[in-house]
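A.B. asks: this is a predicted model, with the sequence first.
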Amino acid sequence: MARGGGVRAAAHATTRTTMLCGRRRTMVTTTTVVASRRGDTMTMSAKKGFLFSEVEDVRQGGGADGARASGKQSVVWSGPLSVQKYPAPCLRAKNAPVEVFDEALEQLSKEMFKVMYETVGCGLAAPQVGVNYRMMVYNEAGEPGRGKEVVLCNPKIVKFSKEKDLFEEGCLSFPKMYADVERPIGVQIEAQSVTGKKFKMTLEGFEARVFQHEYDHLDGVLYHDRMTPEVRAEVQSYLDSYVEAYEGDDKAL
């Protein structure tokens, strides 16, 4: 997603101009995020804003060395990374789970943040840079040094909220294409950190939307797949132009 996703910490009401996958918007939020670590348990909470469930380290030993011993493979990638534009096949390809949490994975996350910021993004999924693994990064503030950088490996949605809302989205893989997409306003998730620690989170509001957009990428689902037929018709000319300009597999969708 272009500018507009992640965990932003503030102790008072804040007005910000941001972009949801490319669209500048002004939003007002009131949120305080507190993070603390007690032994092997990380606790994150928020007041009057995004609500976070307790985040616990439930990983049972092993680590990267244990994974290698069991025959698991490290994530394979090479730089420099760049955002792949629709209809690149990597956007629809199956994404493998992250099995080894090593220095190469940590470096990949750093490179993904670098690309995300350079392209005015707030969220980026690994398949968007041609790395077909279940990994995403995001920062709601969309700027280095601001907000909180979040790396999620092997995320899984446990529960959706019943309430939904409509919001204009864009995507780094679809330049200049913005349209309304309906999504649940909250999700409960399970995931692993870049070091392999398992945790649970409850995401609400803007962060929940950013997460869901990037999560779709991990399943090969693109945001125009979730548009109503009427909205899809409005952006069809953009989709046609991307296919026409694409210099790879002309059958990619």
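C.D. replies: Yes, it's here.
A.B. asks: what's the strand or helix carrying Leu152 packed up against?
C.D. replies: Assigned by DSSP states H and E, Leu152 belongs to strand 150-160. With contacts taken as 3 or more CB pairs under 8 Å, 6 or more residues apart in numbering; DSSP states H and E, strand 150-160 sits against strand 135-138, strand 186-192, helix 205-218. For glycine as for every other residue, the C-beta is placed from the backbone atoms N, C-alpha and C.
A.B. asks: let's go with 10 Å and repeat that
C.D. replies: helix 103-118, strand 135-138, strand 174-184, strand 186-192, strand 198-204, helix 205-218 (3 or more CB pairs under 10 Å, 6 or more residues apart in numbering; DSSP states H and E).
A.B. asks: packing partners for the second one?
C.D. replies: Contacts of strand 135-138 with other secondary structure elements, assessed using 3+ CB pairs under 10 Å, 6+ apart, are made with helix 103-118, strand 123-125, strand 150-160, strand 186-192, helix 205-218.
A.B. asks: the longest one versus strand 150-160: what angle between them?
C.D. replies: It refers to helix 103-118. Put simply, helix 103-118 runs at 90 degrees to strand 150-160, going by axes from the mean of the first three to the mean of the last three CA atoms, to 10 degrees.
A.B. asks: in helix 103-118, what counts as buried?
C.D. replies: Buried residues in helix 103-118, counting neighbours by 16 or more other CB atoms under 10 Å, are found at Leu105, Leu108, Ser109, Glu111, Met112, Phe113, Lys114, Val115, Met116, Tyr117.
A.B. asks: ok, the shortest one next?
C.D. replies: Residues of strand 123-125 classed as buried: Gly123, Leu124, Ala125 (neighbour count, 16+ other CB under 10 Å).
A.B. asks: report the mean confidence score over stretch 78-89.
C.D. replies: The average pLDDT for stretch 78-89 rounds to 95.
A.B. asks: what residue lies at the spatial centre of this protein?
C.D. replies: Centroid-nearest residue in the chain: Glu214, 3.6 Å away (criterion: CA atoms, centre = their mean).
A.B. asks: pretty sure it contacts Glu140?
C.D. replies: No. Applying CB atoms under 10 Å as the test, Glu214 and Glu140 come out as separate, 12.0 Å apart.
A.B. asks: just to revisit the earlier point, same list, the helices and strands packed on strand 135-138, but as TSV with distance to Pro87 please.
C.D. replies: Converted to TSV, these look like this (distance: least, CB to CB, whole Å):
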stretch	distance to Pro87
helix 103-118	20
strand 123-125	16
strand 150-160	25
strand 186-192	28
helix 205-218	14
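A.B. asks: the residue nearest to the centre of the chain and Gly71, how far apart?
C.D. replies: Shown here: Glu214 relative to Gly71, a distance of 29 Å by CB to CB, to the nearest Å.
A.B. asks: need the helix or strand of the protein with the lowest average pLDDT.
C.D. replies: Every helix and strand of the chain was ranked by mean pLDDT, DSSP states H and E. The lowest is strand 32-38, at a mean of 31.
A.B. asks: next, give phi and psi for Glu234.
C.D. replies: phi -70, psi -30 (degrees, to the nearest 10).
A.B. asks: do I have it right that it meets Glu168?
C.D. replies: No. Counting by CB under 10 Å, Glu234 sits too far from Glu168 to count as a contact (11.6 Å).
A.B. asks: now do the shared contacts for those two.
C.D. replies: Residues touching both Glu234 and Glu168 (CB atoms under 10 Å, 6 or more residues apart in numbering): Tyr178, Ala179, Asp180.
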